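> here's a sequence, model it:
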Amino acid sequence: MPTRSCVEQATLSARVTAWPHEPYRGVFASPVCSVLPARACLPIRILERRMNITTFAKRLCLLVPLIITPAAWAAEQMTPAAPQLAAKSYVLMDATSGNVLVENNGDQRLAPASLTKLMTAYIATLEIRRGQIGENDPVTISENAWRTGGSRMFIKVGSQVTVSDLLHGIIIQSGNDASVAISEHIAGSEDAFADMMNKTAGDLGMTNSHFMNPTGLPNPEHYSSAHDMAILARAIIHEDPAHYAIYSQKEFFWNGIKQPNRNLLLWRDKTVDGLKTGHTDEAGYCMVSSAVRDGMRLIAVVFGTNSEQARAAETQKLLTYGFRFFETQNFYQKGTELAQATVWKGTERQVKAGLAEDLSMTMPKGDMKKLSASMTMNPQLVAPIAKGDVIGKVEVKKDDQVVHTANLIALDAVEEGGIFRRVWDSIRLFFYGLFN
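Numbers count the residues shown, from 1 in each chain. As a prediction, the model looks like this:
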């Protein structure tokens with residue numbers, strides 16, 4: 001059997017759905033191109049009236065020297081089973097892709113203890129970003145906040161404390177008094193703030209969480225899950241890097257008292273930079289942590305260990321496993337033009353198409369080379385088209401199994417065309433429908 005040329009190989013591997021009657025431009029995904037980072041998978045323009053796959057293949061051939069990298073062609077390695085932790089529930093998530101790498105009872109509803117304060121702090125920073133409150137706003141400490149039991153920042157009743165200091169007291173010292181004070185400042189009462197917490201949880205997709213207070217003090221109707229806490233941690237990390245830096249601070253000094261951060265991994269592992277611990281008799285010892293190694297960020301959540309030392313050790317096992325056996329690849333960034341789709345009855349003949357969110361994948365090391373991607377566009381896009389409208393789909397497969405799908409959206413708006421354009425395209429669409 002004769003050896004296939006590079007062009008023939010690329011022709012066989014390239015797969016795309018395109019219009020039979022209009023010029024098509026875009027990134028033609030293939031098993032070869034799929035292993036490239038986003039900056040390497042550059043748009044390739046096909047200018048012929050019909051899709052010329054040979055032209056694409058010739059250009060793809062030029063990329064082959066860039067594609068063959070040690071990471072892409074790494075030898076197969078066996079991924080061992082995840083460690084079994086001495087915890088009621090745990091989850092390991094990649095922070096970039098959101099892929100869950102390890103999970104045990106991840107959706108079980110459990111008492112979250114002071115992990116609750118992740119939501120309290122998240123809402124506070126959200127309100128700061130929205131301009132509803134300011135970091136230097138003075139907060140008058142109520143007797144209700146001052147009397148709150150459990151772990152405390154030791155703020156004094158009637159004193160004024162800035163929002164920024166309260167945030168530090170919540171995140172680093174796990175202050176229940178600070179949590180109540182900031183909830184009253186934002187919403188007027190703990191009950192009203194709990195409503196905000198539940199609304200925010202719903203917005204984030206935390207389907208197994210319900211909050212009754214800003215502290216995490218026991219209540220039978222107050223619960224969350226390891227998976228939900230990973231979702232929340234991911235939002236905290238991505239949405240507000242400036243405030244996320246607070247979670248890495250090892251101690252905070254207030255009212256003559258220096259209190260250490262209870263996250264022991266901040267001292268043991270220099271790659272760990274957050275997030276929060278929690279403990280009650282009902283919940284046991286819980287922790288949400290995040291670490292970055294070689295550009296890869298993981299989030300580990302454990303619920304219900306039996307000691308402060310155990311929660312740190314079990315969390316470390318998850319992080320070690322994830323960094324050792326998994327890798328994350330960023331393929332395309334949101335808003336990047338991947339193709340141009342034909343538009344009917346519009347002021348423009350084409351509209352740029354891209355992704356609404358970054359396309360990232362996390363997989364066992366060595367599996368990235370098994371990925372292939374295909375792009376499908378709606379062949380009958382009729383103007384008007386709004387920016388953000390879904391106009392197609394990207395599908396990623398590992399071997400023959402779909403592992404990820406993402407919508408392609410219009411990156412620009414296209415207004416309705418004039419009467420002549422609309423009539424002419426109506427005729428063309430009629431015949432297009434007959435033959436397709």
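
> where along the stretch 301-436 of the chain do the helices fall?
For the stretch 301-436 of the chain, the helices defined by DSSP state H, counting those that start in this stretch cover 308-325, 419-435.

> and those helices, which is most packed in?
Counting by mean count of other Cβ atoms under 10 Å, helix 308-325 has the highest mean neighbour count of the helices of the stretch 301-436 of the chain, with a mean of 20. Placement of C-beta: from N, CA and C, glycine included.

> packing partners of it?
Applying 3 or more Cβ pairs under 8 Å, 6 or more residues apart in numbering; DSSP states H and E, one finds that helix 308-325 contacts strand 89-94, strand 100-104, helix 265-268, strand 272-280, strand 284-293, strand 296-305.

> please redo it, this time with the cut-off set to 7 Å
If you count contacts as 3 or more Cβ pairs under 7 Å, 6 or more residues apart in numbering; DSSP states H and E, helix 308-325 packs onto strand 89-94, strand 100-104, helix 265-268, strand 284-293, strand 296-305.

> between these, which gets nearest to T405?
Among the helices and strands packed on helix 308-325, the nearest to T405 by Cβ to Cβ is strand 100-104 (16.8 Å).

> hmm, who's touching the closest one?
If you take Cβ atoms under 7 Å, 6 or more residues apart in numbering as the criterion, strand 100-104 is touched by 82, 89-94, 106, 318, 321-322, 326, 362.

> among the residues you listed, which ones are buried?
Taking 16 or more other Cβ atoms under 10 Å as the criterion, what is buried in these is 82, 89-94, 106, 318, 321-322, 326, 362.

> could you list the domains of this structure?
6-71+331-435, 110-271 (automatic domain parsing).

> the shortest one - what's its average pLDDT?
Right, domain 110-271. Averaging pLDDT along domain 110-271 yields 97.

> kindly check the end-to-end length of it for me.
28 Å (Cα to Cα, to the nearest Å).

> picking that back up, and the domains of the chain as TSV, adding distance to N99?
Shown next, in TSV, are those (distance: least, Cβ to Cβ, whole Å):
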stretch	distance to N99
domain 6-71+331-435	4
domain 110-271	11
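
> about what we covered before: least confident of the helices of the stretch 301-436 of the chain, on average?
When the helices of the stretch 301-436 of the chain are compared on average pLDDT, helix 419-435 comes out lowest at a mean of 84.

> same for that helix, what does it pack against?
Helix 419-435 packs on no helix or strand, going by 3+ Cβ pairs under 7 Å, 6+ apart.

> so what's the residue count around the closest residue to S225 other than its chain neighbours?
Once flanking residues are discounted, S225 sits nearest to N208: 4.0 Å by Cβ to Cβ, 6 or more residues apart in numbering. The tally of other residues near N208 (other Cβ atoms under 10 Å) stands at 17.

> hmm, A230 and N208 touching each other?
No. Using Cβ atoms under 7 Å, N208 makes no contact with A230, being 11.6 Å away.

> circling back: now the residue nearest to S225: how far from M287?
18 Å (Cβ to Cβ, to the nearest Å).

> same thing with A187?
27 Å.

> more neighbours, the two?
M287 (28 against 18).

> can you pull the contacts of that one?
N263, T277, V302, R311, T315 are the contacts of M287 under Cβ under 7 Å, 6+ apart.

> and those as JSON lines, adding distance to D137?
JSON lines is the format used below for the contacts of M287 (distance: Cβ to Cβ, whole Å):
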{"residue": "N263", "distance to D137": "27"}
{"residue": "T277", "distance to D137": "27"}
{"residue": "V302", "distance to D137": "35"}
{"residue": "R311", "distance to D137": "34"}
{"residue": "T315", "distance to D137": "35"}
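
> so which two of the residues you listed are the farthest from each other?
Longest distance between any two of the contacts of M287 is 12.0 Å, between N263 and V302; criterion Cβ to Cβ.

> who's more crowded, those two?
V302 (30 against 24).

> just the pLDDT for that one.
Looking at V302, its pLDDT reads 99.

> could you do C41 as well?
Looking at C41, its pLDDT stands at 44.

> now A71
Looking at A71, its pLDDT is 44.

> could you pull out the helices for the stretch 101-250 of the chain?
Using DSSP H, counting those that start in this stretch, the helices of the stretch 101-250 of the chain run over residues 116-130, 143-146, 163-171, 176-187, 190-204, 226-239, 241-244.

> what's the spacing between S360 and E308?
Counting by Cβ to Cβ, the gap from S360 to E308 is 34 Å.

> what does S179 give?
Distance of S179 to E308, computed by Cβ to Cβ: 21 Å.

> repeat for A235
Per Cβ to Cβ, A235 is found 26 Å from E308.

> what do you get for D273?
Distance, D273 to E308, by Cβ to Cβ: 19 Å.

> what does A353 give?
A353 is 51 Å from E308, by Cβ to Cβ.

> ok, what's across the strand from V272?
For V272, the beta-bridge partners under DSSP bridges are A291.

> how much space between it and Y90?
Distance from V272 to Y90, by Cβ to Cβ: 16 Å.
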